[in-house]
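Participant: Here's a sequence, model it:
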Amino acid sequence: MRRALPILVRLSRWRVKERQKELAAQQAIYDALLQEDESLRQSLARECDILRQKPEVGVTFGAYLQAGQSRRRALARALREAEEAVEKSRTILLEAFAEQKRYEIAQDKKQAEERQEEQRRATADLDEIGAQRHRRRRHGQGTI
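Facilitator: Presented below is the predicted three-dimensional model:
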């Protein structure tokens with residue numbers, strides 16, 4: 001277990017980094033869809049302005065408006081799906097981070113126990129040296 005914890009900590013850190021990359025990719029998709037939706041909305045608004053200025057363009061505007069609205073509905077669905085994917089990725093990242101923290105805490109605890117054990121051994125060694133010194137002095141004084 002002594003060697004396993006550092007390996008598990010490294011592995012869990014790698015998993016967190018991978019989950020962060022996945023979340024960033026999902027967020028980039030969501031942001032691109034938002035940008036596309038905003039661009040389409042602005043395009044439809046510009047076309048409406050052109051229609052007000054040039055009513056003769058109205059012949060084809062109906063089809064253009066229907067296609068634009070259909071595209072916005074599709075984008076709205078894609079945005080909902082992308083948002084769900086972002087939330088799922090965020091949840092997975094949080095779980096990976098919690099796992100990493102558990103391993104790090106276990107490793108810290110194990111290291112603290114090892115330090116305490118080493119200190120206990122060092123204290124026991126020093127106590128033994130002191131006791132031997134005391135016996136020698138006492139034994140040496142009793143024979144003189």
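Participant: Scan the protein for its longest helix.
Facilitator: Ranked by residue count, the top helix of the chain under DSSP state H comes out as helix 58-143.
Participant: Can you give the distance from that helix to the centre of its chain?
Facilitator: Taking C-alpha atoms, centre = their mean, to the nearest Å, one finds helix 58-143 lying 10 Å from the centre of the chain it belongs to.
Participant: just checking, what packs against it?
Facilitator: In terms of contact count using 3 or more C-beta pairs under 8 Å, 6 or more residues apart in numbering; DSSP states H and E, helix 58-143 is assigned the packing partners helix 4-53. Backbone N, C-alpha and C define where each C-beta goes, glycine included.
Participant: could you give the mean pLDDT of the helix it packs on?
Facilitator: Mean pLDDT, computed over helix 4-53, is 93.
Participant: mind checking how far it is from the chain centre?
Facilitator: Here the centre of mass of C-alpha atoms in helix 4-53, compared against the chain's by C-alpha atoms, centre = their mean, lies 16 Å away.
Participant: Check stretch 42-56 too.
Facilitator: When C-alpha coordinates are averaged (C-alpha atoms, centre = their mean), stretch 42-56 and its chain have centres 45 Å apart.
Participant: Go through it and flag the buried ones.
Facilitator: Residues of stretch 42-56 classed as buried by neighbour count (16 or more other C-beta atoms under 10 Å): 44, 51.
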